[in-house]
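Engineer: Take a look and give me a structure for this.
(one chain, ligands or ions: 1)
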Amino acid sequence: MKLPFAESYKIKTVENLKRSTRAERERWITEAKYNLFNLKSDYVFIDLLTDSGTGAMSDKQWAAIMEGDESYAGARSYYALKESIEEVTGFRYFIPTHQGRAAENVLFSAIIKEGDILPGNSHFDTTKGHIEFRKAYAIDCTIDEAKDTELEIPFKGNIDLDKLENVLKSNPVEKIPAIVLTVTNNTAGGQPVSMANVKGVAALAKKYGVKLLIDSARFAENAYFIKTREDGYQDKEIREITRELFSYADMMTMSSKKDAIVNIGGFVAFRTEEDMQKCHMYCIMNEGYLTYGGQAGRDMNALAQGLREGTEFDYLETRIRQVEYLGKKLDEYGIPYQRPAGGHAIFVDAKKILTKVPKEEFIAQTLGVELYLEAGIRSVEIGALLADRDPVTKENRYPALELLRLAIPRRVYTNNHMDYIAAALKNVYDRRESITRGYVITKELPIMRHFTVELEKAE
Ligand SMILES: *Cc1c(COP(=O)(O)O)cnc(C)c1O
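Structural biologist: Numbering: from 1, shown residues only. Okay, the predicted model is just below:
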């Protein structure tokens with residue numbers, strides 16, 4: 001008999017979960033103004049809000065924590081991290097930061113000025129926030145195929161090279177501080193970017209004399225997809241693939257809370273010492289001295305170990321197969337989602353489910369609230385709330401897709417939890433016709449409103 005697939009790790013520490021009743025959840029979500037970010041985690045049974053910082057660290061990472069060197073300058077932990085970053089990415093220069101958006105802040109403070117243009121593939125929300133806050137523009141050049149959730153193609157996160165070249169051609173190079181390539185493409189559904197596409201983007205960057213920045217949070221998952229889907233990479237080690245990927249870039253920003261499987265941390269890394277030095281002042285001002293930049297020595301130690309574990313094939317296979325497993329369960333129930341299943345999450349196609357809720361009433365958010373009420377599962381909206389208002393016209397932006405992201409934390413839940421999630425979603429799906437109204441905003445911030453927005457039922 002062929003042996004079935006099994007996880008490549010076992011469990012050493014557990015944390016108990018709290019169940020709740022539907023009546024309790026009705027009260028809590030009303031008090032939370034229908035914003036899932038406002039819920040206490042104790043009110044959540046399965047938390048799929050994000051895969052960021054929510055992973056389970058290994059015994060080796062916890063051991064590394066004990067060995068952290070807390071010296072203010074020149075700590076061993078800094079050098080351990082430097083070595084690990086170089087091994088995994090090939091970048092020799094780096095600045096530690098407290099998380100990914102801090103890496104963006106440090107880098108963008110040095111390179112972006114008002115009116116600049118940064119083309120890319122569906123910039124991440126904090127990335128877009130940092131660009132627009134500086135009165136610069138994030139131009140999305142993702143391939144159009146990414147908008148068709150039913151289409152199964154291997155690299156749905158790719159940049160459309162024609163769209164990119166148009167932007168590069170029609171703007172002066174001084175106005176383009178970098179192309180921002182996000183791997184995997186989170187907003188398009190955790191979809192990977194092919195090596196061929198990375199090479200194409202790098203060739204255009206070179207042709208027009210523009211720098212290439214890789215927003216790298218899920219670079220290891222992206223490498224797994226390259227290995228398993230792209231010709232010529234089957235026999236390569238994950239780390240050979242990650243080093244090749246970064247060899248085409250001038251710099252990277254990293255949220256270590258994703259593929260480096262730590263609870264906090266980030267960094268910016270550079271090909272040249274000169275580019276790094278331009279950012280030093282912003283690190284010292286905002287993050288801390290250059291050899292810790294917002295992290296404790298123990299954090300850098302755990303990160304150094306996590307980068308290595310996160311780029312092991314067996315771990316990645318376990319991780320990505322769990323997401324696929326959830327996708328297959330949803331297939332059984334006929335629930336539409338961005339296909340194929342992404343690396344870190346399933347993105348449920350809310351528009352195809354709640355067909356009666358108008359887009360002005362936040363379709364994906366409405367589905368998220370229903371899923372919480374059904375089973376205590378917390379997910380996150382990737383739709384009109386996240387899209388914010390246009391910075392110039394202040395009008396609501398309605399993206400082509402209204403997605404509900406079910407982000408799977410790393411090494412945390414079992415496949416029984418996946419079964420539970422799929423069943424809960426099926427129950428909501430079965431009563432979809434009865435859900436006709438959504439929510440309206442009562443309070444919002446001017447940028448990244450989705451974190452703090454307050455809503456009430458639309459009547
Ligand atoms: C999470 C993330 C960020 C921001 O990182 P934080 O650690 O949350 O500050 C930036 N880009 C991408 C692609 C991310 O996934």
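
Engineer: Look up phi and psi at the residue nearest to I65 when sequence neighbours are not counted.
Structural biologist: What sits nearest to I65 in space, not counting adjacent residues and going by C-beta to C-beta, 6 or more residues apart in numbering, is R298, at 4.4 Å. The way it works is simple: take the backbone N, C-alpha and C, and place the C-beta from them, glycine included. Main-chain dihedrals, R298, degrees, to the nearest 10: phi -60, psi -40.

Engineer: Can you give me every residue that contacts R298?
Structural biologist: By C-beta atoms under 8 Å, 6 or more residues apart in numbering, the contact list for R298 reads 64-68, 70, 77.

Engineer: Look up how far the ligand lies from it.
Structural biologist: Separation of R298 from the ligand (C-beta to the nearest ligand atom, to the nearest Å): 18 Å.

Engineer: Check that residue and give its pLDDT.
Structural biologist: For R298, the pLDDT comes out at 98.

Engineer: quick revisit: most neighbours among the contacts of R298, which one?
Structural biologist: S77 (27 neighbours; other C-beta atoms under 10 Å).

Engineer: Helix or strand next in line after the one helix or strand it maps to, which one?
Structural biologist: In the assignment (DSSP states H and E), S77 maps to helix 76-89. Per DSSP H and E, helix 76-89 leads on to strand 93-97 as the next helix or strand towards the C-terminus.

Engineer: Check which helices and strands that following strand sits against.
Structural biologist: Judged by 3 or more C-beta pairs under 8 Å, 6 or more residues apart in numbering; DSSP states H and E, strand 93-97 is in contact with helix 76-89, helix 100-111, strand 266-270, helix 273-286.

Engineer: what sits against the residue in the stretch 301-450 of the chain that the ligand sits nearest to?
Structural biologist: Going by C-beta to the nearest ligand atom, the ligand is nearest to H344 of the stretch 301-450 of the chain, at 8.5 Å. Neighbouring residues of H344 by C-beta under 8 Å, 6+ apart: 51, 184, 186, 190, 218, 221, 258, 323, 407-408.

Engineer: So the spatially closest residue to Y9 that is not a sequence neighbour: helix, strand or coil?
Structural biologist: Nearest non-adjacent residue to Y9, counting by C-beta to C-beta, 6+ apart: R411, 6.4 Å away. Under DSSP: H, G, I helix; E, B strand; the rest coil, R411 falls in the coil class.

Engineer: Flag every residue of the stretch 151-300 of the chain that's near the ligand.
Structural biologist: Where the stretch 151-300 of the chain comes near the ligand, counting by C-beta under 6 Å from any ligand atom, the residues are 182, 186, 215, 217, 255, 257-258, 266.

Engineer: In strands, which of those residues fall?
Structural biologist: 182, 215, 255, 266 (DSSP state E).

Engineer: Now render these as a markdown table, adding neighbour count.
Structural biologist: Output for these, formatted as a markdown table (neighbours: other C-beta atoms under 10 Å):
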| residue | neighbour count |
| --- | --- |
| T182 | 27 |
| D215 | 25 |
| S255 | 27 |
| G266 | 30 |
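
Engineer: now, which of those sits nearest I363?
Structural biologist: Nearest to I363, judged by C-beta to C-beta, of those is T182 at 24.1 Å.

Engineer: mind checking how far the residue in the chain positioned nearest to the ligand is from L49?
Structural biologist: Closest residue of the chain to the ligand, C-beta to the nearest ligand atom: G100 (2.2 Å). Going from G100 to L49 by C-beta to C-beta, to the nearest Å gives 16 Å.

Engineer: could you say which helix or strand contains A6?
Structural biologist: Counting by DSSP H and E, A6 is part of no helix or strand.

Engineer: Tell me, how many residues neighbour it?
Structural biologist: By the criterion of other C-beta under 10 Å, A6 has 8 neighbours.

Engineer: same thing with S170?
Structural biologist: Residues within reach of S170, counting by other C-beta under 10 Å, total 8.

Engineer: ok, now the one 3 residues further on?
Structural biologist: One way to gauge burial is a neighbour count; for V173, by other C-beta under 10 Å, it gives 10.

Engineer: What of L3?
Structural biologist: Neighbours of L3 under the rule other C-beta under 10 Å: 5.

Engineer: dump the residue contacts of it.
Structural biologist: Here L3 is in contact with no residues (criterion: C-beta under 8 Å, 6+ apart).

Engineer: would it count as being in a helix?
Structural biologist: No - counting by three-state DSSP, L3 is located in no helix; its state is coil.

Engineer: Do you know the pLDDT at it?
Structural biologist: pLDDT recorded at L3 is 96.

Engineer: and what of I377?
Structural biologist: So, for I377, pLDDT stands at 98.
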